[in-house]
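1. structure, please.
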Amino acid sequence: MVDFDRFQILQFFSLAGSDLTVQIPVWLSKLKNLEFLALDFNQITGPIPSWLGNLPRLSYIDLAHNRILGEFPKQLCRLPRLLYEPIASQAEDQYEFALPIFCNIITTNQIFRPQKLSSFPTMVGLSNNNISGYIPVEIGQLHLLCWLSLGYNNFSGVIPNQISN
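-> Next up, the predicted model:
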């Protein structure tokens, strides 16, 4: 159903708050330029697919407030953009676009300011799901991670010391 050739340059993908009741679609794995993935506040089920860790440019992933099951995949701890600084030519943010800035306060005025993808913090947001098992020690490899949200899940074991890396 999706013509992947037309989506090859897609960098920003958000269906947050769309009441989706599916699993994370496999066709997203073909989006090698994807940097920003926001699927929070839906009813997404199933596990976090391990192929998310293979997306070379992904640096912002928000899957919070869903019904995701399974364990924290170690492959997420291998996201290249969270492990090391990109080469200057890859890091160049060529496109500027207007995105709505939302607040928790309901207002009639939405503010649209020019944004660049690099203005978003590096993030892994998995809170408010049904993720179980251990938090992998490999999480300490994500030296460029700015925001990690794992609350309100069913993790067991201890918080790994490596998380402070």
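
2. strands of this protein, residue ranges please.
-> Assigned by DSSP state E, the chain shows strands spanning 12-14, 36-38, 60-62, 69-71, 97-101, 111-115, 123-125, 130-133, 147-149, 154-155.

3. which one of these lies closest to Ile44?
-> Between Ile44 and the strands of the chain, the tightest spacing by C-beta to C-beta is seen for strand 69-71, at 10.1 Å. Where you see a C-beta, it was placed from the backbone N, CA and C, and this is true even at glycine.

4. tell me which other helices or strands the closest one touches.
-> Judged by 3 or more C-beta pairs under 8 Å, 6 or more residues apart in numbering; DSSP states H and E, strand 69-71 is in contact with strand 130-133.

5. among the strands of the chain, which is the most enclosed?
-> Greatest average neighbour count among those goes to strand 60-62 (a mean of 23), per mean count of other C-beta atoms under 10 Å.

6. what mean pLDDT does stretch 50-59 get?
-> Average pLDDT, stretch 50-59: 95.

7. and for stretch 135-153?
-> Here the average pLDDT along stretch 135-153 is 96.

8. mind starting the numbering at 263 from now?
-> Okay, using 263 as the starting number, the last item reads as stretch 397-415.

9. in contact with the residue nearest the centre of the chain, which residues?
-> The residue lying closest to the centre of the chain (C-alpha atoms, centre = their mean) is Ile323, at 0.5 Å. Ile323 makes contact with Leu299, Leu314, Leu338, Leu341, Met385, Val386, Gly387, according to C-beta atoms under 8 Å, 6 or more residues apart in numbering.

10. now the fifth one: how far from Phe269?
-> If I follow you right, that is Met385. Applying C-beta to C-beta, to the nearest Å, the value for Met385 to Phe269 is 22 Å.

11. kindly report the same for Asn316.
-> Distance from Asn316 to Phe269, by C-beta to C-beta: 17 Å.

12. just give the nearest non-adjacent residue to Ser312, would you?
-> Residue nearest to Ser312 in three dimensions, not counting chain neighbours: Gln337, with 4.2 Å by C-beta to C-beta, 6 or more residues apart in numbering.
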